[in-house]
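whatever this is, show me its structure:
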Amino acid sequence: MLINLSDVLSDQHKTVEETVPLTMDMIRLKSGDYPVINSEPVHVRAEHIKGKELVITANTVLTVLIPCDRCLEDVRHDFVINCTKHVDIGLSDAELTEELDESNFIDGYHLDVDKMLFHEILSEWPEKVLCREDCKGLCRVCGQNLNTGSCDCEDPGLDPRMSVVRDLFKNFKEV
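Residues are numbered from 1 along each chain as shown. The predicted structure is shown next:
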């Protein structure tokens, strides 16, 4: 969704305040595509500071389905986004100072709300997603979800590459 910022950047410096729908239905990352299953409208406010400097705030809540890292079952993850961006659209990315945010979500006089929110979602993306704290994961032999039932596979035990460590501990206990 694009929001026109020409009123903020005009000589009158009117504040732009809009509530727009989130048009992003999928989060696309290198690790996969994650569907957005629920989202609230995005409340956006853009205010003039000086010159071509703006403060942009955006607030929304959205729910994304992310597979559990152990059993691959879908987990609902809520993102509560309350972001504030201080941008100067008169500067190139190379000229930005530490107190200014990147403005690659602004093209000319248009703010791309989805692009701005994508960067916020990416920075809040969880490192590990579990369906529950004690998730048992998948059987390493047959792929059975061990949370929903057991399998008749023989437990292969430790990874054979760990035998060196096992032997070290065995020798350590004997001393």
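
tell me where the chain has helices.
Secondary structure of the chain (DSSP state H): helices at 6-9, 113-124, 163-174.

who are the packing partners of the second one?
Put plainly, it is helix 113-124. Secondary-structure packing of helix 113-124 (3 or more C-beta pairs under 8 Å, 6 or more residues apart in numbering; DSSP states H and E): strand 26-29, strand 42-50, strand 53-67, strand 74-88. Just so you know, the C-beta spots here come from the backbone N, C-alpha and C atoms, and that holds for glycine as well.

what angle separates it from strand 53-67?
Angle between the axes of helix 113-124 and strand 53-67 is 60 degrees (criterion: axes from the mean of the first three to the mean of the last three C-alpha atoms, to 10 degrees).

now helix 113-124: mean pLDDT?
Averaged over helix 113-124, pLDDT sits at 92.

what lies in contact with it?
Helix 113-124 is contacted by residues 1-3, 20, 22-24, 27, 29, 42, 44, 56, 58, 60, 62, 64, 79, 81, 83, 85, 104-105 when judged by C-beta atoms under 8 Å, 6 or more residues apart in numbering.

strand 42-50 and that helix, what's the angle between them?
Put simply, helix 113-124 runs at 100 degrees to strand 42-50, going by the same axes, to 10 degrees.

what's the angle from helix 113-124 to strand 74-88?
Using the same axes, to 10 degrees: helix 113-124 against strand 74-88 is 110 degrees.

for the remainder of this discussion, apply numbering that starts at 5.
That works, and once the first residue is 5, the last one we named lands at helix 117-128.

enumerate the positions of helix 117-128 that are buried.
Val117, Asp118, Met120, Leu121, Phe122, Glu124, Ile125 (16 or more other C-beta atoms under 10 Å).
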